[in-house]
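Asker: Have a look; sequence and predicted model below, questions after that.
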Amino acid sequence: MKKSAKKKSAGGVLAFDGKIVSFLNQAGELILLNMVFLLCCLPVVTLGSALASLYYATMKSIRRERGYPVQEFFRSMKRTLKKGILLTLMWAFWLGLLFFGRHYAKTGQWKLSPGAGLYDVFILVSVCVMIYIFPVLSRFEMKLTEICKLSFLMSIRFLPFTVLSVAGSAAVGFLMIYVLPIPCFFFVPGLWCLALTFLIEKALTAYTPKAEPGEEQWFDRKGENNET
């Protein structure tokens, strides 16, 4: 399906299509997208698809200015819902096992259990992989095992970006839970997702097949017509 990019015409910063108005418009779109994302997270099992769709809509409509954020968000939700639910349940179960094992290893109730430190390593590695899983889901058509495998490879190959993403996500989580819970929910998830696109997109681009000569895709900087 072909979609044309939003056009920018020349004008002053206060003109209808000026820089200030454009910035305010994008800020409003990001806040609206953030609220839609939070609503779609309420069923809990849809968290994975909502995260994938937030990344997709933020990258496509906010950064590349193609389509409308909310429309692209729901388009992605429809496309990724089934796999997103399965990934959410799978990773919730896996992390639950790790935290359960860590608890009993730390209390010493399991004599043959590995130390809590080993569980901490597995938890950290799992979080690093999860940083990439839902962006990968938003971009590629893959089986669940392939999504997890590619996300693991990305977390290692782009380790500096992985560390920054995990540290930033931890800081954002702390801010939203312990500092300013209510105000932050209105804009922080979408804002942090926008920041993540500058890190994670480098990894996604490295594994994205090159377009055919003369063909352009929506995530290309200069492309305007073709969509994945």
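Answerer: Received, thanks. Numbers count the residues shown, from 1 in each chain.
Asker: Three-state assignment for the residue most central in space within the chain, please.
Answerer: Centroid-nearest residue in the chain: Tyr55, 4.1 Å away (criterion: C-alpha atoms, centre = their mean). Following DSSP: H, G, I helix; E, B strand; the rest coil, the label given to Tyr55 is helix.
Asker: all numbers from here: first residue = 692
Answerer: Let's use 692 as the start, then, which means that last one is Tyr746.
Asker: right, and it touches Ala886 too?
Answerer: No. At 11.4 Å, Tyr746 does not count as touching Ala886 under the criterion of C-beta atoms under 8 Å. Bear in mind the C-beta positions are built from the backbone N, C-alpha and C, glycine included.
Asker: pLDDT on the longest helix along the chain, on average?
Answerer: In the chain, with assignment by DSSP state H, the single longest helix is helix 760-798. Helix 760-798 carries an average pLDDT of 92.
Asker: for that helix, which positions count as buried?
Answerer: In terms of neighbour count (16 or more other C-beta atoms under 10 Å), helix 760-798 has its buried residues at 760-761, 763-764, 766-768, 770-772, 774-776, 778-779, 782, 789, 792-793, 796.
Asker: Tell me the spatial nearest neighbour of Pro880, not counting adjacent residues.
Answerer: Asn725 (5.5 Å; C-beta to C-beta, 6 or more residues apart in numbering).
Asker: part of a helix, is that neighbour?
Answerer: Yes. Using three-state DSSP, the assignment for Asn725 is a helix.
Asker: Strands along this structure, start to end?
Answerer: Secondary structure of the chain (DSSP state E): no strands present.
Asker: pLDDT weak spots in it?
Answerer: 692-709, 799-805, 904-907, 912-919 (pLDDT under 70).
Asker: which residues of it fall in helices?
Answerer: Using DSSP H, helices in the chain cover 710-732, 738-748, 760-798, 807-830, 835-848, 850-865, 872-876, 879-897.
Asker: Return the most buried member of these.
Answerer: Comparing the helices of the chain by mean neighbour count (mean count of other C-beta atoms under 10 Å), helix 738-748 comes out on top with a mean of 27.
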